[in-house]
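Engineer: what follows is a predicted structure for the sequence shown.
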Amino acid sequence: MKDMATADAVSPPRPREYPGVNWVGLQTLYLREVRRFMKVGMQTLAAPVVTALLYMLVFVVAVGGGRAVHGVDYGTFVAPGLIMMQILSNAFANSSSSLLQAKFNGLMGDFLTPPLTPAEHVVGFGLGAATRGIVVGAVSLVAVLPFARLPVAQPWALLVFGLGAAFIMGFIGIMAGLWAEKFDHMAAVTNFVIMPMTFLSGTFYLVERLPEPFRSASHFNPFFYLIDGFRYGFIGQAESDLRIGVAMTVALVLATGWACLRMFEVGYKIKT
């Protein structure tokens, strides 16, 4: 009896059970992701704004020359695309760099040890990435206002396409961060996939003016629908069918979120 009492006394406590959502853990993960990019604000907030202003200077002041596109000033036409570019790139960078740095520093256990489900991991990282994308987009909007008048014609489009783009790229960043084994892999995704798709999406021009087959090929680029829909929210005019854009945005959010969920469930490159 004494031995049994001693064994009970030294046995480890049972792990805490969370019958529903672990809101404390989810909030902690989200705040970690937000504070992580806020700590280096000069890099994560100021640098994208400078980049957007440089694009405005080159394409609007130097090249645009006061011409009109879709019945609006060229600066007004370009500005929404530049803001969306910042949302896309920064949402991707937040989740991808967070996971890749954790792998390099041997800190993946910090994410796996807490009682968080795969779904809670996906939501936490996704929300953190989307927050960075939206914050940088908002700061970029304020920065470009002196160069372009941006009336808000359709607020719902700004909400749907802005948030949709942030979550899509946040989830893609999770997938890239789990897949990549070194920074060269991440640079390849950024330089050979994300940047070309961004620049070939009608940010600085009307896709309808492209010669074939580039015009048709652009309609298979999801970034085209995101940027065109986001621009529609400001100027009230779009090149694409907005129904297709909304359906594609919702489908990509669900598809990329599900892919991230499956990667966490199977422990893709994070469990040995």
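Structural biologist: Ah, there it is.
Engineer: what about Leu107, how many residues nearby?
Structural biologist: If you count neighbours by other Cβ atoms under 10 Å, Leu107 ends up with 12. Bear in mind the C-beta positions are built from the backbone N, C-alpha and C, glycine included.
Engineer: next up, phi/psi of the closest residue to it other than its chain neighbours, please.
Structural biologist: Leaving aside its chain neighbours, Leu107 sits nearest to Gln101 (7.8 Å; criterion: Cβ to Cβ, 6 or more residues apart in numbering). Main-chain torsions, Gln101, degrees, to the nearest 10: phi -70, psi -40.
Engineer: so for Gln101, what's the pLDDT?
Structural biologist: Note on Gln101: pLDDT of 89.
Engineer: measure it to Met263 for me?
Structural biologist: Shown here: Gln101 relative to Met263, a distance of 18 Å by Cβ to Cβ, to the nearest Å.
Engineer: which one's more surrounded, the two?
Structural biologist: Using other Cβ under 10 Å, the more surrounded residue of Gln101 and Met263 is Met263, with 20 against 13.
Engineer: what's the spacing between the more buried one and Phe171?
Structural biologist: As judged by Cβ to Cβ, Met263 and Phe171 stand 10 Å apart.
Engineer: kindly report the same for Val24.
Structural biologist: 23 Å.
Engineer: neighbour count: those two, which is higher?
Structural biologist: Neighbours per residue, other Cβ under 10 Å: of Val24 and Phe171, the larger number sits with Phe171, 28 against 11.
Engineer: isn't there a helix covering that one?
Structural biologist: Yes: the assignment for Phe171 is a helix, going by DSSP: H, G, I helix; E, B strand; the rest coil.
Engineer: quick check: it touching Cys260?
Structural biologist: Yes: if you go by Cβ atoms under 8 Å, Phe171 and Cys260 touch, sitting 5.1 Å apart.
Engineer: overlap in contacts, these two.
Structural biologist: Here Phe171 and Cys260 share the contacting residues 122, 126, scored by Cβ atoms under 8 Å, 6 or more residues apart in numbering.
Engineer: what's stretch 263-272 in contact with?
Structural biologist: Residues from elsewhere that reach stretch 263-272 (Cβ under 8 Å, 6+ apart): 103, 108, 112, 118, 121-122, 174-175, 178-179, 181, 262.
Engineer: that one: how far from the chain's middle?
Structural biologist: Centroid separation for stretch 263-272 versus its chain: 22 Å, with Cα atoms, centre = their mean, to the nearest Å.
Engineer: repeat for stretch 170-187
Structural biologist: Between the centre of stretch 170-187 and the centre of its chain there are 13 Å (Cα atoms, centre = their mean).
Engineer: how deep is the residue nearest to Leu82 when sequence neighbours are not counted tucked in, by neighbour count?
Structural biologist: Leaving aside its sequence neighbours, Leu82 sits nearest to Ala52 (Cβ to Cβ, 6+ apart; 4.9 Å). Ala52: 23 surrounding residues under other Cβ under 10 Å.
Engineer: now do Pro151
Structural biologist: Other residues lying near Pro151 total 9 when counted by other Cβ under 10 Å.
Engineer: how about stretch 46-54: buried residues?
Structural biologist: For stretch 46-54, burial by neighbour count (16 or more other Cβ atoms under 10 Å) applies to 48-49, 52-53.
Engineer: tally up the residues packed near Met195, please.
Structural biologist: Counted with other Cβ under 10 Å, Met195 comes out at 14.
Engineer: any idea of the pLDDT on it?
Structural biologist: The model's pLDDT for Met195 equals 87.
Engineer: now it: which helix or strand?
Structural biologist: Assessed by DSSP states H and E, Met195 sits inside helix 195-199.
Engineer: hey, where'd the helices end up in the stretch 151-272 of the chain?
Structural biologist: Applying DSSP state H, counting those that start in this stretch to the stretch 151-272 of the chain gives helices spanning 155-179, 183-189, 195-199, 214-218, 222-235, 242-266.
Engineer: how distant is the first one from the center of its chain?
Structural biologist: Yep, that's helix 155-179 we're talking about. Relative to its chain's centre, helix 155-179 lies at 4 Å (Cα atoms, centre = their mean).
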